[in-house]
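Peer 1: How does the following fold in three dimensions:
(2 chains)
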Number of protein chains: 2
Amino acid sequence: MTQYDSSPLIQAARQQKPSHIPVWFMRQAGRSLPEYFPVRGDGTILNAIQVPERAAEITLQPTRRYDVDAAILFSDIITPLWAIDFGIDITPGIGPTCEKPFRSEDDLQRLRPLDPSSDLAFQHDTIKILTEELTIPLIGFAGAPFTLATYMIEGKPSKTHHNTKSLMFSEPALWHKLCDALADIAIASLQAQIEAGASAVQLFDSWAGILHPQHYREFVFPHSQKILAALKSSGVPLFHFGTNTAELLDQFADAGADVVGVDWRTPLSAARQRTNNRVALQGNLDPSICHSPWPVVEQEVKRILNENDNTPGYIFNLGHGVQPTTNPDILAAIAKLVHSYGS
Amino acid sequence: MTQYDSSPLIQAARQQKPSHIPVWFMRQAGRSLPEYFPVRGDGTILNAIQVPERAAEITLQPTRRYDVDAAILFSDIITPLWAIDFGIDITPGIGPTCEKPFRSEDDLQRLRPLDPSSDLAFQHDTIKILTEELTIPLIGFAGAPFTLATYMIEGKPSKTHHNTKSLMFSEPALWHKLCDALADIAIASLQAQIEAGASAVQLFDSWAGILHPQHYREFVFPHSQKILAALKSSGVPLFHFGTNTAELLDQFADAGADVVGVDWRTPLSAARQRTNNRVALQGNLDPSICHSPWPVVEQEVKRILNENDNTPGYIFNLGHGVQPTTNPDILAAIAKLVHSYGS
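Peer 2: Predicted coordinates for the structure are as follows:
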């Protein structure tokens, strides 16, 4: 279907046998690389994301340092919400913030449909530059409705997310309308990324793991499933990731993902059992371990590779994003080690 | 062994059949109750903890509002570290902070052994007042070495705990010395609480769930096991609690606990399987759900009670502490509902 059908990333995502174990790192681009800052300039990350030449350059930077099997578009899960003027922004040192949080039916008015051809024209242009330059697959991505809703409802990063849960439990009809609108936005954004040239897409539901599986099933699953179903016909592999998902991995697979991301807490063997081998897995080195001396990191990478035991549907990654203080040389060495495994 | 041997809490903790399902709430005392603030006064929580009359009164307050089956000593997991002058404090609005974080062998000098008879004399006096007043069991508690170490090493609450993990992986010998000293402190504090009259104790390892099970086994398990083994001969039931412990519940049971606390993410049925029915379980209502209208809360409480399906070794609780904005009337109604269940 694409020029990368026989690449290790796409083969592993389809549970075929790749020529080597593919590897990439969530948040491989951006703050952990010194060369990122001059390109980003003085503005915020959202300013850099809207300038195709800058966003493309930042996307390419890690592919020059690391022998990774994929690039991931430099963007943010809130980009589409910001593009439709919902009133969400990224505050440096804090994260996504929303001055007027989503609290009632009236706030649905602020969620107009996304028209990627105009709202996200810069994203299209960035991907066009990248597909010219890259010789490895480009992964596009979007935020899943639950995780986006937490930022919209809390207004800022939260430990307990209790406003989100209150709205979800107290006003289920409004909750489902909100998530349905967010699902449409994710679908439009991801379809546009695929049309522009992304060879795979990842749906990030980073905070879904704060829910009991029964609440996930009722309030989150239908919306993630809708997104993945809408993208199925595109033919590109669909990745789905969250943290603290020990009790949710089966539902992440049921929702229609080809690849389920596993955080560092769950052993791959347990994840295989819970997903019943019907999806490929991606993960799951603890990002904090990258701050340790190389022999410690090496041992951990080998432990994970041994745990995977040459099962073909497997993509090496961290169990969450690269931390900003990570030494890039460690990531370079990890990519090399993964590629040399078994050879 | 104590006057409360036939109380529902102690019977359930021993997997005997209690006359009703016992219930209490982690953090039932303190900030969620309006009557707490006048008693605490203008000082910090640590100031109130050291005045036996105040600490006892704060401990008793929730037992007047709620028909709970246990009181829990009003204190904090950092109290013993603060009492030995390690240099840890509670900063209002932030949590435990440590101006000179633990970073090297030299810092072990600041961890002198705890002598509860002098360092924690106020704790003894508080418990003496409480055992006179109470007609239900009093639960004592301590912080487990891992969770205490995170506060000592990070210096403040952290999202990634990467300094903690770095020290653990890079300097395992120092890590084990630190945890061994913290285990001795926990043992001394808990033994003193039991001698003063506590009828049960809970070991809080709230943040252990940030570790992969193999790292937990190597770096944490031996220290928690040492604490629980040292307390076994006291004869009081030993409770052990953490969050995000889906992959660790079997080890929490193996460590020697009589009761394992389950956070709200893991269904009780899954927790029973993973602990193989050899311990009692405690939990696991999502504390955020207490902000919802009563019919939602009621349905959730019933769902959990039905999930437990009358298994005798069961104590109702939240899956983590009461949030400060919780309406006390909701907790009162929950206690009533739990007690009426099945009758």
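Peer 1: Any idea how far apart the tips of stretch A:87-104 sit?
Peer 2: Distance across stretch A:87-104, first residue to last, is 15 Å (CA to CA, to the nearest Å).
Peer 1: what do you get for stretch A:37-51?
Peer 2: 15 Å.
Peer 1: next one: stretch A:143-163
Peer 2: 19 Å.
Peer 1: tell me which residues of it are tucked away?
Peer 2: A:143-155, A:160-163 (16 or more other CB atoms under 10 Å in any protein chain shown). For glycine as for every other residue, the C-beta is placed from the backbone atoms N, C-alpha and C.
Peer 1: One more: stretch A:230-239?
Peer 2: For stretch A:230-239, the neighbour count (16+ other CB under 10 Å) marks A:230-231, A:234, A:236-239 as buried.
Peer 1: Other residues contacting it?
Peer 2: A:1-2, A:10, A:13-14, A:139, A:187, A:190-191, A:194, A:198-203, A:228, A:256-261, A:280, A:282 (CB atoms under 8 Å, 6 or more residues apart in numbering or on different chains).
Peer 1: What residues does chain A have near chain B?
Peer 2: Within chain A, the positions lying close to chain B (CB under 8 Å from any CB of the partner chain) are A:160-162, A:165-166, A:169-170, A:209-215, A:244, A:246-247, A:264-267, A:270, A:286-289, A:291-293, A:296, A:303, A:323, A:325.
Peer 1: Only alpha carbons, please: show stretch A:203-215 as PDB.
Peer 2: C-alpha atoms of stretch A:203-215 as PDB (Å, rounded to 0.1, in the frame of the first residue of the first chain):
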ATOM      1  CA  LEU A 203      -3.700   7.500  18.900                       C
ATOM      2  CA  PHE A 204      -2.400   8.800  22.200                       C
ATOM      3  CA  ASP A 205      -4.700   8.200  25.200                       C
ATOM      4  CA  SER A 206      -2.000   8.900  27.800                       C
ATOM      5  CA  TRP A 207      -4.300   9.400  30.800                       C
ATOM      6  CA  ALA A 208      -7.000   6.700  30.100                       C
ATOM      7  CA  GLY A 209      -5.300   4.600  32.700                       C
ATOM      8  CA  ILE A 210      -6.800   6.600  35.500                       C
ATOM      9  CA  LEU A 211     -10.100   4.800  34.900                       C
ATOM     10  CA  HIS A 212     -11.500   1.500  36.100                       C
ATOM     11  CA  PRO A 213     -12.000  -0.900  33.100                       C
ATOM     12  CA  GLN A 214     -15.700  -0.700  33.400                       C
ATOM     13  CA  HIS A 215     -15.700   3.100  33.200                       C
END
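Peer 1: follow-up on the earlier one: which of the buried residues of stretch A:230-239 sits closest to residue A:308?
Peer 2: Taking CB to CB as the measure, residue A:308 lies nearest residue A:239 of the buried residues of stretch A:230-239, at 16.7 Å.
Peer 1: Looking at the buried residues of stretch A:230-239, which is nearest residue A:93?
Peer 2: For these, the minimum distance to residue A:93 (CB to CB) is 28.9 Å, reached by residue A:239.
Peer 1: Which strand or helix spans that closest one?
Peer 2: If you go by DSSP states H and E, residue A:239 is part of strand A:238-241.
Peer 1: Chain neighbours aside, what residue packs nearest to residue A:81?
Peer 2: With sequence-adjacent residues excluded and distances taken as CB to CB, 6 or more residues apart in numbering or on different chains, residue A:81 is closest to residue A:88, at 4.8 Å.
Peer 1: Tell me, how many residues neighbour the one you found?
Peer 2: Using other CB atoms under 10 Å in any protein chain shown, residue A:88 is surrounded by 24 other residues.
Peer 1: Need the phi and psi values for it.
Peer 2: Dihedral pair for residue A:88: phi -120, psi 140, per degrees, to the nearest 10.
Peer 1: still on that earlier bit, among the contacts of stretch A:230-239, which lie within strands?
Peer 2: A:139, A:200-203, A:259-261, A:280, A:282 (DSSP state E).
Peer 1: Quick one: the helices in the stretch 51-200 of chain A, in order.
Peer 2: For the stretch 51-200 of chain A, helices defined by DSSP state H, counting those that start in this stretch occupy the ranges A:52-65, A:79-83, A:116-119, A:121-133, A:145-154, A:162-170, A:172-196.
Peer 1: ok, for residue A:193, nearest residue in space, not its chain neighbours?
Peer 2: Residue A:193's closest residue in space is residue A:140 (CB to CB, 6+ apart), at 3.2 Å.
Peer 1: beta partners for that neighbour?
Peer 2: residue A:201 (DSSP bridges).
Peer 1: wait, residue A:52 sits on residue A:133?
Peer 2: No: using CB atoms under 8 Å as the test, residue A:52 is too far from residue A:133 to be in contact (11.9 Å).
Peer 1: Which of these two has more residues huddled nearby?
Peer 2: residue A:52 (18 against 14).
Peer 1: pLDDT score for the more buried one?
Peer 2: You'll see residue A:52 listed with a pLDDT of 98.
Peer 1: any low-confidence regions in the stretch 1-150 of chain A?
Peer 2: A:1 (pLDDT under 70).
Peer 1: related to what we said a few turns ago, so what secondary structure elements neighbour the helix or strand just after the strand holding residue A:239?
Peer 2: Once strand A:238-241 ends, the next helix or strand along the chain (criterion: DSSP H and E) is helix A:249-254. Here helix A:249-254 touches helix A:213-219, helix A:221-232, strand A:259-261, helix A:268-275, going by 3 or more CB pairs under 8 Å, 6 or more residues apart in numbering or on different chains; DSSP states H and E.
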